[in-house]
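> only geometry, no sequence info:
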C-alpha cells in the first residue's frame, strides 16, 4: 500500500456519523517522529505530513522506506523559519527520561526538556491542533522546584492560547493487540472555542489475542528474531505458556534472581520473564525488548518474538517494512518498534480530531 495515495473522499463512517474530507487537507508537522507510528495513523486518516524530524538513524531509515522524507538534523539546530506552515503539530518527544521502567531522570536529563522545542515550533507556526504522546510516567515526573512537569506542559500550552485535554489511554481499548498505557495531550486553538473529547473504549475482540497476532503467512517479511542471551535461553524452556520466571526451578536461576526469589515481598513480587498465553492480550512491547522486563517471549517457542510479530503487536501493517540484514539491524528494529506509537491508536485519535474539529469549523 502507498500511504501517500489513500482515498480522501470519505475518511471514516460508523453507525452514528460520517467524517468527510475537509475543504483543505490538514497539514501536519511531525516532531520526534520515530519510525512513523503516529504519522502513519494520521496519514491513514487522511492528513498530509508536510514535515517530519527525528535524530535517530534507525528510525530515519524505516521512516524513509515507508513514509517519505524526514529531516535528520538535531531539532536544536533548526530555525523556526525552516519549518513549513501547518494545521496540526504532532510529537512524541523522547520518553525515556519519564519511563517507569527507566532511570526516572525526568527533567534533570537534557532529553526531558525537549518538549520545549515543541513549544517553540508551536509558538512560531500556530497550528490549530497539537497532539503530544508520552509514557504514563510523565504524569508523576517533577520539575526541580517540585511542581509536576505535566502541569507545566498544560500551563505552557494554555499560555499559548490552547484548550488542553490530557488522558491516560490503554492502546488495547482501541483495537491494538497490546496492553500499552500512554498519555495523550490534545490541544485546540482556543479561538475556535472547542475542547477535545477522548473517545470511549471499544470492545476487545479475538483479533487482539496473542494467538491471532502470531498467525502470520510465510510470505510476510521481517520474520526474524534476535537471539536470546545464553542466560535467558537456559531459563525460558522452563516457563510454561501464560507463566513467568516463577516457573523456573530455583537451582536454574542466576544469583541475582535467587536473591529476589528469597525475599519476594521486599522486591514487590516482580513478574519477570512473562510468557503471555495465546488466549491473552500481550503486555507492553518495550524498546529494549528484554524478556526479563517485557512480555516478548513466544508462547510456545523458546525465542523472542520476531520483528514482524512485535510490529503486529504495535499494530503496524504487514507491508510496513523494517530492516533485518544484520544483527545490528535486528536490534535497532526492536528499538524503533518498541518506541513507536501504535498506528491504530494514532488513527483513532486522528479520526476523532477530524470529526470534532475539522468537521465543525
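That came through fine. These numbers were taken from a predicted model, which means no experiment stands behind them.
> Which strand or helix spans residue 49?
According to DSSP states H and E, residue 49 maps onto strand 48-53.
> tell me the secondary structure for residue 330?
Three-state call for residue 330 (DSSP: H, G, I helix; E, B strand; the rest coil): helix.
> That one and residue 72, how far apart?
22 Å (C-beta to C-beta, to the nearest Å). No exception for glycine: its C-beta is placed from N, CA and C like everyone else's.
> These two - which one has more neighbours?
A direct count of neighbours by other C-beta atoms under 10 Å for residue 330 and residue 72 places residue 330 higher, at 22 against 16.
> wait, the more buried one sits on residue 222?
No. Contact criterion C-beta atoms under 8 Å: residue 330 and residue 222 do not qualify, at 9.3 Å.
> Quick check: neighbours shared by those two?
Residues touching both residue 330 and residue 222 comprise 307, 324, with contact defined as C-beta atoms under 8 Å, 6 or more residues apart in numbering.
> Going along the chain, name the strands of this protein.
For the chain, applying DSSP state E gives strands covering 10-13, 18-20, 27-31, 48-53, 88-91, 129-135, 162-170, 181-189.
> and among those strands, the most buried is which?
strand 88-91 (a mean of 26; mean count of other C-beta atoms under 10 Å).
> tell me the mean pLDDT over it?
Per-residue pLDDT over strand 88-91 has a mean of 98.
> That strand pairs with which strands, parallel or anti?
strand 27-31 (parallel), strand 129-135 (parallel) (DSSP bridges).
> Can you lay out these as CSV showing mean pLDDT?
Below are those laid out as CSV (pLDDT from 0 to 100):
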stretch, mean pLDDT
strand 27-31, 98
strand 129-135, 96
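> Determine which of those approaches residue 208 most closely.
In terms of C-beta to C-beta, the element of those nearest to residue 208 is strand 129-135, at 20.2 Å.
> re earlier: could you point out which of the strands of the chain sits nearest residue 320?
Comparing those by C-beta to C-beta, strand 48-53 comes nearest, at 14.9 Å.
> The closest one packs against which elements?
When contacts are defined as 3 or more C-beta pairs under 8 Å, 6 or more residues apart in numbering; DSSP states H and E, strand 48-53 packs onto strand 27-31, helix 37-44.
> still on that earlier bit, can you redo the strands paired with strand 88-91 as CSV with distance to residue 213?
What follows is the strands paired with strand 88-91, written out as CSV (distance: least, C-beta to C-beta, whole Å):
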stretch, distance to residue 213
strand 27-31, 27
strand 129-135, 22
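> Low-confidence regions, this structure specifically.
Counting by pLDDT under 70, the ranges of the chain that qualify are 1-21, 95-112.
> distance of the most far-flung residue of it relative to its centre from residue 238?
Most distant from the centre of the chain: residue 251, at 37.8 Å, with distances by C-alpha atoms, centre = their mean. For residue 251, the distance to residue 238 equals 11 Å [C-beta to C-beta].
> Tell me, how many residues neighbour residue 116?
Neighbours of residue 116 using other C-beta under 10 Å come to 13.
> Next up, the contacts around residue 33.
Contacts of residue 33 were listed using C-beta under 8 Å, 6+ apart, and they are 39, 52-54, 59, 63, 70, 92.
> distance of residue 22 from residue 129?
On the measure of C-beta to C-beta, residue 22 and residue 129 end up 12 Å apart.
> Also residue 256?
47 Å.
> do residue 218 as well
Distance from residue 218 to residue 129, by C-beta to C-beta: 42 Å.
> what residues are up against the closest residue in space to residue 320 that isn't next to it in sequence?
Among residues not flanking residue 320 along the chain, residue 66 sits closest, at 5.3 Å (C-beta to C-beta, 6 or more residues apart in numbering). For residue 66, the residues meeting the contact criterion (C-beta under 8 Å, 6+ apart) are 3, 35-36, 40, 320-321.
> Now for the contacts of residue 33: which two are most distant?
70 and 92 (13.7 Å).
> Excluding residues flanking it in the chain, which one is nearest residue 207?
Here the residue nearest residue 207, using C-beta to C-beta, 6+ apart, is residue 177, at 7.0 Å.
> Just give the number of residues close to that neighbour.
With other C-beta under 10 Å as criterion, residue 177 counts 24.
> was I right about it contacting residue 205?
No. Using C-beta under 8 Å, residue 177 makes no contact with residue 205, being 9.6 Å away.
> And the helices in the stretch 51-200 of the chain?
Secondary structure of the stretch 51-200 of the chain (DSSP state H, counting those that start in this stretch): helices located at 57-66, 115-125, 149-159.
> So which of the ones you listed is nearest residue 345?
In terms of C-beta to C-beta, the element of the helices of the stretch 51-200 of the chain nearest to residue 345 is helix 57-66, at 17.7 Å.
> Centre of the chain to the closest one, how far?
From the chain centre to the centre of helix 57-66 is a distance of 16 Å (C-alpha atoms, centre = their mean, to the nearest Å).
> which parts of it are buried?
Judged by neighbour count using 16 or more other C-beta atoms under 10 Å, the buried positions of helix 57-66 are 58-63, 66.
> tell me the domain ranges of this structure?
Domain assignment for the chain by automatic domain parsing gives 3-203+343-360, 206-339.
> hmm, back to that, which among the helices and strands packed on strand 48-53 is found nearest to residue 158?
Among the helices and strands packed on strand 48-53, the nearest to residue 158 by C-beta to C-beta is strand 27-31 (19.9 Å).
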